[in-house]
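> quick one: sequence and predicted model below, then my questions.
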Amino acid sequence: MTLKATLYTSSLFALFASQAAFAQDAANDAGNSPDTVQDAASDRANARDDDVIFVTGTKIATDVQDVPIAITAVTAETLQTRGITSTADLGGIVPNASFRKSQGIYGPAVSVYLRGIGQTDPQFNGEPSVAYYIDDVYYPFLFGSNFDLLDLERVEVLRGPQGTLFGRNSIAGAMNLVTRQPSLTEATGFVEVTVGAYNRKDLRAGFTVPLTDTLAVGASFISKKRTGYQEMLDFSCQMYLNGTPELAGTFPFQSPETSFGGTREPDNCVIDHLGGENTRAVRGSLYWAPTSTVEVSISADYTDQNDEIPAEYIFETDYSQTLTRPNFVTAADQFSIPGTPFRWDERFQTGDPYKTYDNYCDPFPAGTNIPGNSYYNGSIYKGGYCHGNTVPLTSQGVQGKIIVGLTNNIDFTAIAGYRKLDLSFGAASDGTVLNDSIIYHEFHEDHITGELRLTGQFDWFDFVTGAFYYDGKADHFGNPTGVRAGTQRFQNDVYEPSALAGYVNVNVRPTDRLSLIGGLRYSHDKKGVYFESLTDNTPPGSTEFVPSAASTIFDIELESKRWDWKAGVDFELNDNLLLYASAGSGYRLPGFNVRPSQAGQEGQTPGESLISYEIGAKAEFWDRRVKLNVAAFKMDFTERPAGFTGQEGQWNDNLTGLVPGNSTVVSAGPEGSEFANAFTTCRPYNAASDGPPQLNTTPDQGVGVNCVARAFSYGVADGTIKGFEGELEAEPIDFLTINGSIGYNKYTSEDNAQRTIVPDWTASAGIQYEAQVPMLDGTITPRLDWFYSGTIFYSTLPQYQESTKQEAFSTFNGRITYRNDPHDFEVALGATNLFNNFYYRQKIIFRGFGLPTNLGQPAPPREWYLSFKKRF
């Protein structure tokens with residue numbers, strides 16, 4: 001592999017050299033004067049000298065090429081030209097990264113993985129594995145983390161554990177979003193308007209104004225709106241339109257516009273959409289430098305978002321459940337007509353991943369009593385729920401930073417931030433109009449963070465030392481239904497995390513080219529959790545809620561005290577080549593089971609810790625025309641949580657025995673592991689082979705019983721992730737730019753567990769040419785970007801691994817930009833998913849929990865856009 005990579009690189013370099021000569025000849029042949037070509041080339045050479053990205057990943061501003069860690073730093077301009085407008089898209093250009101917009105059941109968040117470690121579920125029971133920072137202010141949860149890249153200067157993504165400088169939940173890495181600072185020297189502004197597919201209308205604007213020589217202010221605004229790319233269909237309307245009205249039975253039409261009533265025969269059954277955007281955000285900032293040694297930055301922001309639930313599509317259904325379970329059959333029978341029973345079958349599959357019959361509404365009103373149905377049993381707390389197809393979210397925060405130069409070599413920095421987040425969302429697990437499981441969540445969060453820091457820079461050593469503080473509170477109300485199991489639960493949770501930490505990092509330079517790095521951090525984290533999950537046991541006719549004895553209530557405090565360390569060495573072989581090696585630790589806090597289905601499923605889940613080893617090189621060639629960064633790593637877990645989704649026998653309301661049903665509980669832990677017989681799941685009950693029902697047993701046993709979902713978590717001490725990654729930036733000839741990245745990681749463990757969510761390979765490449773067009777007073781720049789993801793598995797259960805995996809896929813973005821220099825404006829025409837490739841952003845394997853369907857989140861098809869940007 002190494003030899004091939006060397007040969008390919010050498011060939012590419014030779015190609016670049018020949019192309020440089022060819023391009024120069026072509027320019028002269030085209031009639032451009034030598035002076036024009038030489039002037040433009042000189043400008044590009046100066047631009048390369050100035051094209052240095054300073055990052056703060058080490059808490060000291062440093063050229064990214066001089067930082068001895070694997071870090072991707074991308075400017076806002078580069079993000080825009082590559083079609084990246086939110087943090088959910090960043091994974092496409094970062095090696096060994098997977099950033100994806102969360103599925104509807106997980107709410108408005110981003111699923112973030114670096115080097116094979118991450119978190120899909122943003123609920124408070126777990127902790128992120130990638131630490132988010134906005135201008136050095138800690139952002140503790142994944143909810144609301146799909147930030148629009150508004151008013152940014154750059155994005156820094158640090159790969160690998162950052163246990164000493166970033167600490168809390170940075171076991172996979174850290175992300176720092178750095179916003180633009182108001183200028184003290186000039187007034188500037190911009191307006192950008194974008195229109196595009198699905199009725200897209202975006203407006204961005206911003207300005208910065210120096211009020212005095214020492215004080216400047218700035219503001220920015222964004223409004224984004226577009227219709228979703230997945231159509232929500234009126235089921236009965238579509239059955240009439242298909243010529244099969246008998247399949248609709250007596251199921252009601254969803255709206256007057258889609259009703260086949262009287263002589264009305266609509267030709268369109270669309271009632272709404274999924275996957276759309278409707279967001280507005282504003283940010284204001286102030287920069288004050290009263291003296292040469294004092295800087296003060298203050299900013300505030302507000303986001304009002306009401307995006308649609310992400311698109312979801314049924315790609316697999318277990319009809320043995322839907323056609324035989326009493327609750328499904330008796331509920332569906334309410335819409336049956338003679339000769340054609342109404343059943344949950346293929347009629348609910350649209351056959352088009354961009355169309356769905358789901359509407360997130362229960363078709364039966366509260367208090368419905370259906371004979372033989374344990375869910376619709378007359379309780380006024382069951383039925384009638386309808387949560388809509390949008391996700392209301394507001395986020396507001398204020399933060400500040402003061403930097404004081406105590407001496408010529410030592411700076412003191414104080415950072416503080418406050419953020420408030422309110423959101424709610426509904427979801428479903430079945431994708432049909434019958435809605436086996438409608439889920440509602442509501443969250444209210446408040447977070448305060450602070451950090452005090454001393455940094456010193458001397459001839460032979462640098463240091464960073466500081467203290468970190470965090471305190472938060474979050475309230476959660478949940479309302480999950482379970483028609484299949486006959487359950488209706490009401491969750492009320494209070495989550496109170498806090499953290500204190502102190503750290504020191506030292507970089508000693510015994511020679512001009514050799515550096516020795518050491519770091520240490522002590523962290524004390526707490527999580528107070530009050531959890532209440534009450535199962536409805538209200539009798540018909542009663543107006544007072546009666547909880548079941550199977551309800552789950554607990555009050556716990558999780559706590560972690562630990563030391564993290566880092567040691568490293570780097571050596572500048574010459575002015576253009578940096579070699580480095582490092583080792584360090586990282587951790588993620590323990591959690592708890594946030595989705596217990598019945599008593600006995602509560603409790604703490606394991607945390608995660610590891611030691612990481614990394615070697616790498618950063619190189620620049622050909623007068624900075626080529627930048628190449630490579631790294632190889634190995635991460636050994638000292639503790640890791642392993643998960644298994646299964647089922648167990650359902651207790652009756654009095655916890656005296658199991659509920660009769662038509663399943664058999666069997667041992668089915670991870671195959672080939674020591675836990676193979678430690679966990680259970682359910683299969684259909686077979687009287688011939690299973691014998692008579694056995695109900696009075698424990699929930700993990702039973703023959704002929706009803707089953708409920710359970711997520712099993714257990715801690716193990718083994719597991720290794722190995723991999724490598726590389727990033728390339730090249731300008732082989734003037735005005736031709738090439739970007740590329742590649743990443744590979746492989747996970748191994750003693751239990752041979754199948755890793756989910758994470759691809760083994762990731763890659764990206766981009767190419768653009770900035771053509772000088774004097775007759776148009778500007779440039780025309782065509783660009784093409786390629787993004788690749790390897791195969792992704794979504795289930796640890798052997799029976800679902802092959803049928804639910806996402807095969808490797810590629811997507812392309814294209815863009816052509818005209819920039820007018822005299823009037824400082826640009827016009828761009830572009831498209832994302834240029835060749836309209838189909839793939840799933842994520843999948844949720846509900847069948848692993850005993851539910852009938854598996855849902856996927858189809859990615860958007862090709863979307864075009866046209867934008868106009870004017871700078872002032």
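Good, I have the coordinates.
> please identify the buried residues of stretch 374-392?
For stretch 374-392, the buried set under the neighbour-count rule, 16 or more other CB atoms under 10 Å, comprises 374-383, 385, 387-392. Every residue, glycine included, has its C-beta placed from N, CA and C.
> among those residues, which ones are in strands?
390-392 (DSSP state E).
> what's the closest of these to G518?
Among these, V391 lies closest to G518 (CB to CB), at 45.1 Å.
> show the pLDDT at that closest one.
V391 carries a pLDDT score of 91 in this model.
> hmm, it is touching Y440, no?
No - counting by CB atoms under 8 Å, V391 stays clear of Y440, with 11.3 Å between them.
> what sits in contact with each of those two?
Taking CB atoms under 8 Å, 6 or more residues apart in numbering as the contact rule, V391 and Y440 both touch 424-425.
> residue contacts, N169?
By CB under 8 Å, 6+ apart, the residues touching N169 are 127-131, 140, 587-589.
> would TSV of these with secondary structure and neighbour count be doable?
Below are these laid out as TSV (DSSP: H, G, I helix; E, B strand; the rest coil; neighbours: other CB atoms under 10 Å):
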residue	secondary structure	neighbour count
E127	coil	23
P128	coil	25
S129	coil	24
V130	strand	29
A131	strand	25
P140	coil	23
Y587	strand	26
R588	strand	28
L589	coil	22
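> for these, which one is nearest L516?
Y587 (24.2 Å).
> what are the bridge partners for the closest one, then?
Beta bridges link Y587 to S609, judged by DSSP bridges.
> kindly report the same for the one 5 residues further on.
Residues in a beta bridge with F592, per DSSP bridges, are Q604.
> now for the contacts of N169, which pair is the farthest apart?
P140 and Y587, at 15.1 Å, using CB to CB across those.
> burial measure for A771, as a count.
Residues contacting A771 under the criterion other CB atoms under 10 Å number 14.
> tally of neighbours for the nearest residue to it once chain neighbours are set aside?
Leaving aside its chain neighbours, A771 sits nearest to I780 (4.9 Å; criterion: CB to CB, 6 or more residues apart in numbering). I780 has 15 neighbours, counted by other CB under 10 Å.
> I780 and R562, how far apart?
Look at I780 and R562: by CB to CB, to the nearest Å, they are 55 Å apart.
> next one: F592
In this view, F592 and R562 are 19 Å apart by CB to CB.
> show me what A631 is bridged to.
Beta-bridge partners, per DSSP bridges, of A631: G616, E725.
> do I have it right that it meets E727?
No - in this structure, A631 is not within contact of E727 by CB under 8 Å, at 9.1 Å.
> got any ranges where the stretch 401-550 of the chain has weak pLDDT?
Counting by pLDDT under 70, the stretch 401-550 of the chain contains no low-confidence residues.
> likewise for the stretch 751-872 of the chain?
Using pLDDT under 70, the stretch 751-872 of the chain drops low at 751.
> which residues in the stretch 701-850 of the chain form helices?
798-804 (DSSP state H, counting those that start in this stretch).
> now do stretch 88-102: distance from first to last residue.
Across its full length, stretch 88-102 reaches 9 Å between end residues, using CA to CA, to the nearest Å.
> how far is that stretch from where the chain is centred?
Distance of stretch 88-102 from its chain centroid, counting by CA atoms, centre = their mean, to the nearest Å, is 8 Å.
> list the buried residues for it?
88-102.
> now the residue nearest to A771: how far from T194?
19 Å.
> ok, Q349 next?
35 Å.
> test my guess that V155 contacts A174.
No - with contact defined as CB under 8 Å, V155 does not reach A174; the gap is 11.5 Å.
> sketch out the low-pLDDT regions of the stretch 151-300 of the chain for me.
Within the stretch 151-300 of the chain, not a single segment meets pLDDT under 70.
> where do the strands sit along it?
152-159, 173-179, 188-196, 200-210, 215-226, 230-233, 270-274, 277-291, 294-308 (DSSP state E, counting those that start in this stretch).
> from E671, how far out is N752?
N752 is 8 Å from E671, by CB to CB.
> number of residues surrounding the closest residue to F253 other than its chain neighbours?
Nearest non-adjacent residue to F253, counting by CB to CB, 6+ apart: S259, 4.0 Å away. Burial of S259 is recorded as 18 neighbouring residues (other CB under 10 Å).
> ok, now F835?
Neighbour tally, F835, other CB under 10 Å: 10.
> wait, it touches G814, no?
No - F835 lies out of contact with G814 (CB under 8 Å); the separation is 9.2 Å.
> what residues are up against the nearest residue in space to R513 that is not next to it in sequence?
Counting by CB to CB, 6+ apart, R513 lies nearest to E572, which is 4.1 Å off, once chain neighbours are set aside. By CB under 8 Å, 6+ apart, the contact set of E572 is 512-514, 578-579.
> on that earlier part again, which of F592 and R562 has more neighbours?
Remark: of F592 and R562, F592 carries more neighbours, 22 against 17, as counted by other CB under 10 Å.
> hang on, N327 in a helix?
Yes - counting by DSSP: H, G, I helix; E, B strand; the rest coil, N327 is found in a helix.
> that one: neighbouring residues, count only.
The burial count for N327: 21, using other CB under 10 Å.
> please apply the same query to the one 4 residues further on.
The burial metric for A331, expressed as a neighbour count using other CB under 10 Å, is 27.
> residues contacting it?
A331 sits next to 364, 370, 373, 375-376, 434, 483 when contact means CB under 8 Å, 6+ apart.
> same question for F872.
188-191, 207, 824.
> what do you get for K101?
Contacts of K101 by CB under 8 Å, 6+ apart are 88, 110-111, 146, 310, 841, 857.
> now the two most distant members of the residues you listed.
N146 and Q857 (13.5 Å).
> which of these two has more neighbours?
Higher neighbour count among N146 and Q857: Q857, with 24 against 21, using other CB under 10 Å.
> one step back: in CSV, list the contacts of N169 along with pLDDT.
Formatted as CSV, those follow (pLDDT from 0 to 100):
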residue, pLDDT
E127, 76
P128, 80
S129, 83
V130, 85
A131, 85
P140, 79
Y587, 85
R588, 82
L589, 79
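> and T179, how far from T394?
Taken as CB to CB, the span from T179 to T394 is 20 Å.
> do the same with G586
As for G586, its distance to T394 is 33 Å (criterion: CB to CB).
> comparing those two, which shows the higher neighbour count?
Neighbour count, other CB under 10 Å: between G586 and T394, G586 has more, with 27 against 14.
> sorry, back to before: ok, so of the ones in strands among the buried residues of stretch 374-392, who is nearest S429?
For these, the nearest to S429 is V391 (16.6 Å; CB to CB).
> so what's the closest one closest to, chain neighbours aside?
Using CB to CB, 6+ apart, the nearest residue to V391 is F425, at 4.2 Å.
> contacts only, for that neighbour.
Going by CB under 8 Å, 6+ apart, the list of residues near F425 reads 104, 107-108, 309, 387, 391-392, 440-441.
> what do you get if the cut-off is 10 Å, keeping everything else the same?
Listed by CB atoms under 10 Å, 6 or more residues apart in numbering, the contact set of F425 reads 104-108, 143, 307, 309, 360, 387-393, 439-443.
> R815 now?
R815 neighbours (CB under 10 Å, 6+ apart): 80-83, 766, 768, 781-785, 828-832, 834, 865, 867.
> which of the residues you listed fall in strands?
Members of the contacts of R815 lying in strands (criterion: DSSP E): 766, 768, 781-785, 828-832, 865, 867.
> look up how far G118 lies from N745.
Where G118 is concerned, N745 sits at a distance of 12 Å (CB to CB).
> how about R513?
For R513, the distance to G118 - CB to CB - is 36 Å.
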